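K.L.:
This is a predicted model, with the sequence first.
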Amino acid sequence: MLSEKPIEMPRSQSYGSNYFICHSLKLNRRACFYSNLEYANFLSVELNPQIIKYVEQPLQITGKNDDGKMCKTVFDMEVLYEDNINELWEIKYSSDLTGDNKSAVRAKSQIAIQKNWCLKNNILFRVRTENDIFQGLEHLNNMRFMYHCICRTDERLLGNCIKRIKRFIEQVGDTTIGHIYESDPEPTMVFPSLVYLLIRDQIKADVFNQELNFYTEVCYGKRFLE
């Protein structure tokens, strides 16, 4: 990765009160985010098993805008995937990327500088909007629930419950969280174990459009046998 630690950003550069200080399980440290969308992106990264490492606010660069003036810009995130692919991201609402108002012009100029720098340095670049981060009406609420669920649980204590859940699904096929909960001798471990299995694609559920609850249906995932 290009950076091992984030650039220190003063609080005054945040957007109003939309400032988040979070504990990152992947990084085992505090991470800061400066908008609601950056926070949602953080949740999606923390819950993505294909991303093994990331740095928020990783790099500041300088480039010319459309008026020929030199401008500084900071990427919102750098990520490293399990297949060793590295990307730099800019996080923007789609509304900031259209039109000719001052905010849109500034955002498009910023992205052009970032894109050109990445092309010159042979680094993959991506702009992520709410359309990439949110995949359904309940996605954000479920991401919050899943993240706080695993934050409150020691993964080392989940092994036996995870095995029981997978064995139960093997026996009965498609089922509901409620049925799993009722069948398990340690029901308090069921939800964190299910979250563990969900974010590793060992089981599947509609976390995008339905609230995770006892009526949620679950089934085999692509990595069920892992």
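P.N.:
Received it, and whenever you're ready, just let me know what you need.
K.L.:
Okay, Met143 and Phe134: tell me how far apart.
P.N.:
Separation of Met143 from Phe134 (Cβ to Cβ, to the nearest Å): 9 Å. In short, each C-beta sits where N, CA and C put it, glycine included.
K.L.:
which neighbours do the two share?
P.N.:
Ala40 (Cβ atoms under 8 Å, 6 or more residues apart in numbering).
K.L.:
In the protein, which residue is most central in space?
P.N.:
For the chain, Ser44 is the residue whose C-alpha lies nearest the centre (Cα atoms, centre = their mean; 1.7 Å).
K.L.:
secondary structure element for Cys149?
P.N.:
Using DSSP states H and E, Cys149 sits in helix 139-151.
K.L.:
which helices and strands does that helix pack with?
P.N.:
helix 36-46, helix 190-199 (3 or more Cβ pairs under 8 Å, 6 or more residues apart in numbering; DSSP states H and E).
K.L.:
Redo these as JSON lines? Include mean pLDDT and distance to Gly159.
P.N.:
Shown next, in JSON lines, are those (pLDDT from 0 to 100; distance: least, Cβ to Cβ, whole Å):
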{"stretch": "helix 36-46", "mean pLDDT": "96", "distance to Gly159": "21"}
{"stretch": "helix 190-199", "mean pLDDT": "95", "distance to Gly159": "9"}
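K.L.:
and the ones you listed as JSON lines, adding distance to Leu59?
P.N.:
Listed next are these as JSON lines, based on distance: least, Cβ to Cβ, whole Å:
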{"stretch": "helix 36-46", "distance to Leu59": "16"}
{"stretch": "helix 190-199", "distance to Leu59": "27"}
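K.L.:
remind me, longest helix of the chain?
P.N.:
Assignment by DSSP state H gives helix 102-120 as the longest helix of the chain.
K.L.:
Show me what that one is packed up against.
P.N.:
Applying 3+ Cβ pairs under 8 Å, 6+ apart, one finds that helix 102-120 contacts strand 60-64, strand 70-74, strand 86-91, strand 124-128.
K.L.:
just how off-centre is whatever helix or strand comes next after the last one within its chain?
P.N.:
Think strand 124-128. For strand 124-128, the succeeding helix or strand toward the C-terminus, using DSSP H and E, is helix 130-133. In this view, helix 130-133 has its centroid 11 Å away from the chain centroid, taken as Cα atoms, centre = their mean, to the nearest Å.
K.L.:
switch to numbering from 4
P.N.:
Okay, using 4 as the starting number, the last item reads as helix 133-136.
K.L.:
Show residues contacting helix 133-136.
P.N.:
40, 43-44, 47, 96-97.
K.L.:
Only whichever of these are buried, select them in ChimeraX.
P.N.:
The command below creates a ChimeraX selection of those among those that count as buried (16 or more other Cβ atoms under 10 Å):
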select :40,43,44,47
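K.L.:
Between all of the contacts of helix 133-136, which two are at the greatest distance?
P.N.:
Ser47 and Ser97 (16.0 Å; Cβ to Cβ).
K.L.:
Neighbours of the residue lying closest to Lys75 once chain neighbours are set aside, how many?
P.N.:
Spatial nearest neighbour of Lys75, chain neighbours left out: Thr65 (5.3 Å); criterion: Cβ to Cβ, 6 or more residues apart in numbering. If you count neighbours by other Cβ atoms under 10 Å, Thr65 ends up with 10.
K.L.:
again with Asp79
P.N.:
22.
K.L.:
Can you give me every residue that contacts it?
P.N.:
Asp79 touches 41, 44, 59-60, 92-94, counting by Cβ under 8 Å, 6+ apart.
K.L.:
Tabulate the residues you listed (CSV), appending distance to Asp103.
P.N.:
Shown next, in CSV, are the contacts of Asp79 (distance: Cβ to Cβ, whole Å):
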residue, distance to Asp103
Glu41, 25
Asn44, 26
Glu59, 30
Gln60, 28
Trp92, 25
Glu93, 19
Ile94, 22
